[in-house]
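S.K.: Here's my sequence, what's the structure:
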Amino acid sequence: MLKKVGLGLAVVVAVLLIVIATRPPGFHVERSVQVAAPASVVYGEFATLEAFTAWMPWSDLDPAMHKEFSGPASGVGSSYSWVGNKRVGCGQMTVTELVPDSRVTYRLEFKEPMQVTNMTTLALAPACDGVKVTWSMEGDYDFVGKAFSLLMNMDGMIGPDFEKGLGRLKHRAEQAARQSASAVTTKAP
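M.R.: Okay, here's the model as predicted:
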C-alpha cells in the first residue's frame, strides 16, 4: 500500500514538473488609451522619469516612498530608484531607448520583494483627434517564475495599474493641450 501511495505521489510530482516546464517562457502585458492631445504634449508626460512619476499609479501605494533621480535629466541612461513599503518594495527604472514624440523604453529592476528585471515601453501612434498611447511590459520566466505563473496572472496583476496610470496620463496631457491651445488663442490678435 505504501508503495502505491509513493508511486502515485511520484506521478503527481512528475506531471506537475512537466506542466511547469511547458508553461510560456515569459509574459506580456499591454494596455492602450486614446488621448486628445498632440504627440509632443503626451510624450512630454513620460519622456523624463520625473514626469513619469507624476502620474504613475504606484505612488498611491506608499505616499512616503523615497524617490531618487540620477544620471542625465532626460534621455538614455536617466534613472529613477525608489524605496518604499512592502507594497512597492525597492527597485530602479532606467531609460534604455528614446525616440522623440514616439516611444520610450525602460529597464525595470525590482530588488525587493523579489529580484526580477522586465522591460517597459510607452509608445505613441497617430489616432483620430490625437494619439493612441500603448503601455506594455514584458519579462522572462525561469522555472520558479513559471511555477508562480500557475498561481498568479501578470496581466491581472499589472493591467489594472496600467489602466489607472493611462487614465491619469490622459487627463494630464489633455489638460496641458487645452491650456496650450488657450494660451495660443489668448495671444492671437
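
S.K.: Assign the closest residue in space to W55 that isn't next to it in sequence to helix, strand or coil.
M.R.: Nearest residue to W55 in three dimensions, chain neighbours excluded: R168, at 3.9 Å (CB to CB, 6 or more residues apart in numbering). From N, CA and C alone the C-beta is placed, and that goes for glycine too. Look at R168: counting by DSSP: H, G, I helix; E, B strand; the rest coil, its state is helix.

S.K.: Same check on L108?
M.R.: Secondary structure assignment for L108 (three-state DSSP): strand.

S.K.: tell me the contacts of it?
M.R.: Applying CB atoms under 8 Å, 6 or more residues apart in numbering, we find L108 in contact with 91-93, 117-120, 137.

S.K.: Would you mind listing which of the residues you listed are buried?
M.R.: 91-93, 118-120, 137 (16 or more other CB atoms under 10 Å).

S.K.: What's the separation between G139 and E109?
M.R.: Distance, G139 to E109, using CB to CB, to the nearest Å: 11 Å.

S.K.: any residues in contact with both of those two?
M.R.: In contact with both G139 and E109: 116-117, using CB under 8 Å, 6+ apart.

S.K.: S136 sits in which helix or strand?
M.R.: Assigned by DSSP states H and E, S136 belongs to strand 130-140.

S.K.: what's the offset of that strand from the middle of its chain?
M.R.: Computed by CA atoms, centre = their mean, to the nearest Å, the chain-centroid distance of strand 130-140 equals 8 Å.

S.K.: what's it packed up against?
M.R.: Here strand 130-140 touches strand 26-35, helix 39-44, strand 116-127, helix 154-187, going by 3 or more CB pairs under 8 Å, 6 or more residues apart in numbering; DSSP states H and E.

S.K.: How many residues are close by the closest residue to M56 other than its chain neighbours?
M.R.: What sits nearest to M56 in space, not counting adjacent residues and going by CB to CB, 6+ apart, is G165, at 5.4 Å. By other CB atoms under 10 Å, 21 other residues sit near G165.

S.K.: do Y80 as well
M.R.: 22.

S.K.: Show me what the helix or strand harbouring it is packed against.
M.R.: Following DSSP H and E, one finds Y80 within strand 79-83. Identification of packing neighbours for strand 79-83 by 3+ CB pairs under 8 Å, 6+ apart yields helix 49-55, strand 66-70, strand 90-99.

S.K.: Send me the last one as PDB with only the CA atoms.
M.R.: This means strand 90-99. C-alpha atoms of strand 90-99 as PDB (Å, rounded to 0.1, in the frame of the first residue of the first chain):
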ATOM      1  CA  CYS A  90      12.500  48.900  -3.900                       C
ATOM      2  CA  GLY A  91      14.000  49.000  -7.400                       C
ATOM      3  CA  GLN A  92      15.300  51.100 -10.200                       C
ATOM      4  CA  MET A  93      14.000  52.200 -13.600                       C
ATOM      5  CA  THR A  94      16.400  53.300 -16.300                       C
ATOM      6  CA  VAL A  95      15.700  54.700 -19.800                       C
ATOM      7  CA  THR A  96      17.200  52.400 -22.400                       C
ATOM      8  CA  GLU A  97      15.700  53.800 -25.600                       C
ATOM      9  CA  LEU A  98      14.200  57.100 -26.600                       C
ATOM     10  CA  VAL A  99      12.500  58.100 -29.900                       C
END
